[in-house]
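Peer 1: What follows is a predicted protein model with its sequence.
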Amino acid sequence: MKIVIYGATEIGCLLATEFFEDHDITIIDKEENRTAEFNQLDISFIQGNASDINVLKCADIFNADIFIACTAIDEANIVACLSAKRVGHVKTICFVSKEEYKNTLNFERNDSTGDFFIDYIIWPEELLTQEIFRIVTVAHALDVENFADGRARLLEYKLNPNHSIVNKKVKDCGFTNGTLIVGITRNSELFIPNGETTLLDGDKLIFMGTAHSLDILAGTFFHEKEYVKSAAVIGGGTVGLMLAKNLEALKIKTKIIEMDYARCQCLCEQLNSTLVINGDGTNLKLLDEEEIGSSDVVISVTNNDERNLLCSLLAKQLGVKRVIARVSKVLNIPLFEKVGIDIAISPKNSAINEVKNDLAENDVDILATVEQGQGEVLEINVVSEFHRKRIMDLRFPAHSIIGVIQRRNLVIIPKGDTEIYTNDTLIIFTKADNANAIKEFFKVK
């Protein structure tokens, strides 16, 4: 596949790094934006503005399959996508940073009677908000993903010395029926366990199962009937506002801290029950006075990594059990986790996952990625060749676990002797390095 990317930004670099081994990649941008990271990749670089038809021709837009615009300027991305669509009739993916652009472009796409529209509009801040909100709603969880219209889930928890299953083998833990342990991250490396795997202090455990069974699992092993009742959000920008609205909808007692007084007034106008505090989230005295330490979760979502790190560390110092931090630079995520921040999330990672899904085959979707892209959750439709085959008889080319089977209105958590039928939908957990092999395995031979 030939992919043209407009924007030598961090997102552009992440996309090029993700796809260059299997696809033909061309980057368009000014030469001064070209960094050393791009020079290490086997890609083409065209200097110029992708809104210029001649520049698009130089990038061989006529033979391109995908055009992705991800500069820091929304208007430039929109014009470039429309230009590429007009000239090359390629599939277009446009990054935007404003809700109004996303809404307008989606309306134009749905209302269009011709080919002059943008195929996919990605608003990273919205994806980030959705991801944080899913995690906030489950006490102690490091990651939360919903499948099958919420009837099945993925949950991730970190073990500490107080958990009863530390130093036990998986087969001896007695996990709830309707749940499967599909992955473990140990010393920053993800692997797929078996019954003989011993669970250690500090392991991150990834479970898949029905929503009900995972609720029982969580209450049995990780917290007892504990719910998120209060939250503090530091940063009243777009993400902070959207989060506060979502938390209000769940009747979670919410405080939001924002430095800019005019922005605070705007927040007050749009929020109903949230307490809006005008102040600096790095001010320890302010945090103490506002009793931030008593919050069930603190979420720092300013647009500055250093500020988010400091706010998060101060919240930890005040005794907050769970702290979530927004990280703009993906390379900073390991640093945040190393110094004790519970969950560090990047809007760029969320956006990359969305692009990967947009580029996936029609019969295969990437439902989620975990542990900074080390693991993937695939959705695959069963073809007739696999009809009535037992899971234990499948000879996967790489370690993978079928976590959920969707059969019409049924959600099945399979065992080894479970049969799969034609037109079943399989939700499979595997390492990202093995995802292509699993996809090929289920294709019509």
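Peer 2: Looks like it arrived, so ask away.
Peer 1: What distance do you get for Lys255 to Gly293?
Peer 2: Noted for Lys255: a distance of 12 Å to Gly293, by Cβ to Cβ, to the nearest Å. For the C-beta atoms, the positions are set from N, CA and C on the backbone; glycine is no exception.
Peer 1: which one of these two has more residues nearby?
Peer 2: Each of Lys255 and Gly293 has its neighbours counted (other Cβ atoms under 10 Å); Lys255 has more, 20 against 17.
Peer 1: pLDDT score for the more buried one?
Peer 2: Here the pLDDT value assigned to Lys255 is 97.
Peer 1: Next up, phi/psi of it, please.
Peer 2: Here the main-chain torsion angles of Lys255 (degrees, to the nearest 10) amount to phi -120, psi 150.
Peer 1: quick one, what contacts it?
Peer 2: For Lys255, the set of contacting residues under the criterion of Cβ atoms under 8 Å, 6 or more residues apart in numbering consists of Ser230, Ala231, Ala232, Val233, Thr274, Leu275, Val276, Ile277, Glu290, Ile292, Ser295.
Peer 1: and if you look at Glu100?
Peer 2: For Glu100, no contacting residues are found, by Cβ under 8 Å, 6+ apart.
Peer 1: Can you tell me the SS state at it?
Peer 2: In three-state terms, and counting by DSSP: H, G, I helix; E, B strand; the rest coil, Glu100 is helix.
Peer 1: separation between it and Asn436?
Peer 2: If you measure Glu100 against Asn436 using Cβ to Cβ, the figure is 38 Å.
Peer 1: hang on, the earlier thing: in strands only, show me the contacts of Lys255.
Peer 2: When strands are assigned by DSSP state E, the members of the contacts of Lys255 inside them are Ser230, Ala231, Ala232, Val233, Leu275, Val276, Ile277.
Peer 1: just to confirm, which helix or strand has the closest residue to the fourth one other than its chain neighbours in it?
Peer 2: Spatial nearest neighbour of Val233, excluding adjacent residues (Cβ to Cβ, 6 or more residues apart in numbering): Ile256 at 4.5 Å. Take DSSP states H and E as the rule and Ile256 turns out to sit in strand 253-258.
Peer 1: So Leu205, which state does it fall into?
Peer 2: strand.
Peer 1: I'd assumed Ser51 was in a helix, is it?
Peer 2: No - secondary structure assignment (three-state DSSP) places Ser51 in coil, not in a helix.
Peer 1: tell me the SS of the spatially closest residue to Lys356 that is not a sequence neighbour?
Peer 2: For Lys356, the nearest residue in space outside its immediate sequence neighbours is Ile366; the separation is 5.2 Å by Cβ to Cβ, 6+ apart. On the three-state scheme (three-state DSSP), Ile366 is labelled strand.
Peer 1: count of neighbours near Ile366?
Peer 2: A count of neighbours around Ile366, defined by other Cβ under 10 Å, yields 20.
Peer 1: per-residue confidence at it?
Peer 2: As summarised for this prediction, Ile366 has a pLDDT of 79.
Peer 1: tell me the contacts of it?
Peer 2: Asn353, Lys356, Asn357, Ala360, Glu376, Val377, Leu378, Glu379, Ala435.
Peer 1: rerun that using 10 Å as the cut-off
Peer 2: Under the criterion of Cβ atoms under 10 Å, 6 or more residues apart in numbering, the contact list for Ile366 reads 353-360, 376-379, 432, 435, 439.
Peer 1: center of the chain, which residue is that?
Peer 2: The chain has Ser350 as the residue nearest its centroid, 3.8 Å off, counting by Cα atoms, centre = their mean.
Peer 1: ok but it is inside a helix, no?
Peer 2: Yes - remark: Ser350 belongs to a helix, assigned using three-state DSSP.
Peer 1: My guess is it contacts Asn357. True?
Peer 2: No - with contact taken as Cβ atoms under 10 Å, Ser350 and Asn357 are classed as non-touching, separated by 11.0 Å.
Peer 1: Give the residues shared as contacts by these two.
Peer 2: Common neighbours of Ser350 and Asn357, using Cβ under 10 Å, 6+ apart, are Thr369.
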